[in-house]
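Peer 1: Quick one: sequence plus predicted model below, questions after.
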Amino acid sequence: MNIFSKIRVIFSLFLTIISISAYSQSNVFKVTLDAGHGDHDFGAVYSGRIEKNIALAIVLKVGKLLESYPNVDVIYTRKTDVFIDLVERANIANRANSNIFVSIHCNANKNTAAFGTETYVMGMNKIASNLEAAKKENSVITLEKDYKRKYEGFDPNSPESMIGMTLMQEEYLDYSIALASKIEEGFDILGKKLRHGGVKQAPFMVLHKAYMPRVLVETGFISNPTEGDILNSDAGQNEYAKAIADAIISYKKEYFGTGSADVVDEKPSTKMIENAVKDSTPVRNVNTAPAQKNTVKPNLTGSIYKVQLLASIKKTPLAPSNFKGLSGVSVVYENNVYKYTYQQTADYNQAKKYLQEAKDKGFDSAFLIAFKNGEKISIQDSLK
């Protein structure tokens, strides 16, 4: 073999190695795990139970479980007792180009009888308890140097001041809700109480700055003596960690793929569960063809708007009494989830009025969805 042939063989081998490496990297699922608080920021403290320590312990256990899976890369915002700025936590995930961001915390309340889990996605929900939760977690920015300049005048005592920032979050909302739902379903299997449906929206600064599907998990109340002791125990932390890790792997398999030939093009269905509507019919006993399907007819001249009230794994009769008196409710069965919508109009301003009607009736998590030519589009695209 002459020198030129050897060079060609070596060069071909080099290209092959580079290609394999690039393919491998493209199939790596990156998870950024964030343990809330740290160092001088203790978080909630009750009877020797310290939030920063519990959150870190659970994060490390979740990370260890995830690292046992192939093609999963775990990034930590902190692995020791250090203080990390909220914006830097999000930036760590952004720089790593993570697929998801999971921030883990413990809840607390002056009412020590309060217990249960909650998982939040980024959004402007004006329910007082949700805003209070965001206010509590956002308040840590005051421990950072020059926070008023760094956070562009954001007032941690007024989470509503983030309302102008939320439009850009729509791109990731469906995925975030899907991930949050899987985490809460995992807690439900453990027998944990899901507070008010489990999945909620609130304006958390740490979530706002992360540009990917992201959730904030309130694992339980350390202010509750019983639940707090479970959270503070190694066995309890292992339980919570396994539920979270299993949910992340389930999300990866469903929406990211296994790394072989499966490709997912569709966004996940929105699964913000409302407890107000109850039905005991299990999904597995229901025909996949819904009793009434709300099909969007093509509108060649503009967009069609609907109000999505909720999505549930349970089928509910469409009587107004089941939807807080609202009539004109219809349902679509997609991806094993029943999605209930209210009204339909081509007028965006009228759609906003319908949305307000739904919220006035108590559907605080309702939101607008848009279609064009029978295809779902973003609200921003519908207004172009």
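Peer 2: Ah, there it is.

Peer 1: all helices for the stretch 51-200 of the chain, in order.
Peer 2: For the stretch 51-200 of the chain, the helices defined by DSSP state H, counting those that start in this stretch cover 51-67, 86-95, 128-138, 147-150, 170-189.

Peer 1: nearest to residue 371, of these?
Peer 2: helix 170-189 (14.9 Å; CB to CB). In short, each C-beta sits where N, CA and C put it, glycine included.

Peer 1: list the contacts for the closest residue to residue 45 other than its chain neighbours?
Peer 2: Once flanking residues are discounted, residue 45 sits nearest to residue 51: 6.9 Å by CB to CB, 6 or more residues apart in numbering. Counting by CB atoms under 8 Å, 6 or more residues apart in numbering, residue 51 touches 36-37, 42-45, 105-106, 108, 222.

Peer 1: rerun at 6 Å
Peer 2: 37, 43-44, 106 (CB atoms under 6 Å, 6 or more residues apart in numbering).

Peer 1: how near is it to residue 254?
Peer 2: From residue 51 across to residue 254, the span is 31 Å (CB to CB, to the nearest Å).

Peer 1: Likewise for residue 219?
Peer 2: In this structure, residue 219 and residue 254 are 23 Å apart, going by CB to CB.

Peer 1: who has more neighbours, the two?
Peer 2: Set residue 219 next to residue 254 and count neighbours by other CB atoms under 10 Å: residue 219 wins out with 31 against 15.

Peer 1: Tell me which helix or strand that one sits in.
Peer 2: strand 214-221 (DSSP states H and E).

Peer 1: Pull the residues that contact that strand.
Peer 2: 101-107, 114-115, 117-121, 176, 179-180, 204, 207, 227, 231, 240.

Peer 1: Okay, now stretch 208-226: how far is its last residue from its first?
Peer 2: In stretch 208-226, first residue to last residue: 33 Å (CA to CA, to the nearest Å).

Peer 1: Can you show me the strands along the stretch 151-300 of the chain?
Peer 2: For the stretch 151-300 of the chain, the strands defined by DSSP state E, counting those that start in this stretch cover 194-202, 214-221.

Peer 1: between these, which gets nearest to residue 28?
Peer 2: strand 214-221 (18.3 Å).

Peer 1: For the closest one, buried residues please.
Peer 2: Within strand 214-221, the residues that count as buried by 16 or more other CB atoms under 10 Å are 214-221.

Peer 1: ok, now stretch 322-331?
Peer 2: Neighbour-count burial for stretch 322-331, counted by 16+ other CB under 10 Å, picks out 322-324, 326, 329-331.

Peer 1: Just put these in CSV and tack on pLDDT, distance to residue 358 and secondary structure.
Peer 2: CSV is the format used below for the buried residues of stretch 322-331 (pLDDT from 0 to 100; distance: CB to CB, whole Å; DSSP: H, G, I helix; E, B strand; the rest coil):
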residue, pLDDT, distance to residue 358, secondary structure
322, 86, 14, helix
323, 88, 9, helix
324, 89, 9, coil
326, 92, 7, coil
329, 92, 10, strand
330, 91, 13, strand
331, 90, 15, strand
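
Peer 1: what's the closest of those residues to residue 83?
Peer 2: Once CB to CB is applied, the member of those that ends up nearest residue 83 is residue 324, at 44.5 Å.

Peer 1: isn't that closest one right up against residue 360?
Peer 2: No: counting by CB atoms under 6 Å, residue 324 stays clear of residue 360, with 9.5 Å between them.

Peer 1: what about residue 175, how many neighbours?
Peer 2: 22.

Peer 1: just the one 4 residues further on next, same as before
Peer 2: For residue 179, the number of neighbouring residues by other CB under 10 Å comes to 31.

Peer 1: Same check on residue 111?
Peer 2: Look at residue 111: counted by other CB under 10 Å, it has 10 neighbours.

Peer 1: How about it, nearest residue that isn't a chain neighbour?
Peer 2: Nearest to residue 111 is residue 223, by CB to CB, 6+ apart, at 7.8 Å.

Peer 1: cool, residue 92 as well?
Peer 2: Nearest to residue 92 is residue 77, by CB to CB, 6+ apart, at 5.1 Å.

Peer 1: Could you do residue 370 as well?
Peer 2: Nearest to residue 370 is residue 382, by CB to CB, 6+ apart, at 3.8 Å.

Peer 1: measure the one you found to residue 328 for me?
Peer 2: 20 Å.

Peer 1: same thing with residue 74?
Peer 2: Residue 74 is 47 Å from residue 328, by CB to CB.

Peer 1: Equivalent analysis for residue 52, please.
Peer 2: 49 Å.

Peer 1: With residue 249 instead?
Peer 2: 40 Å.

Peer 1: May I see the contacts of residue 51 arranged in CSV, with secondary structure and distance to residue 348 as well?
Peer 2: Output for these, formatted as CSV (DSSP: H, G, I helix; E, B strand; the rest coil; distance: CB to CB, whole Å):
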residue, secondary structure, distance to residue 348
37, coil, 42
43, coil, 42
44, coil, 42
106, strand, 41
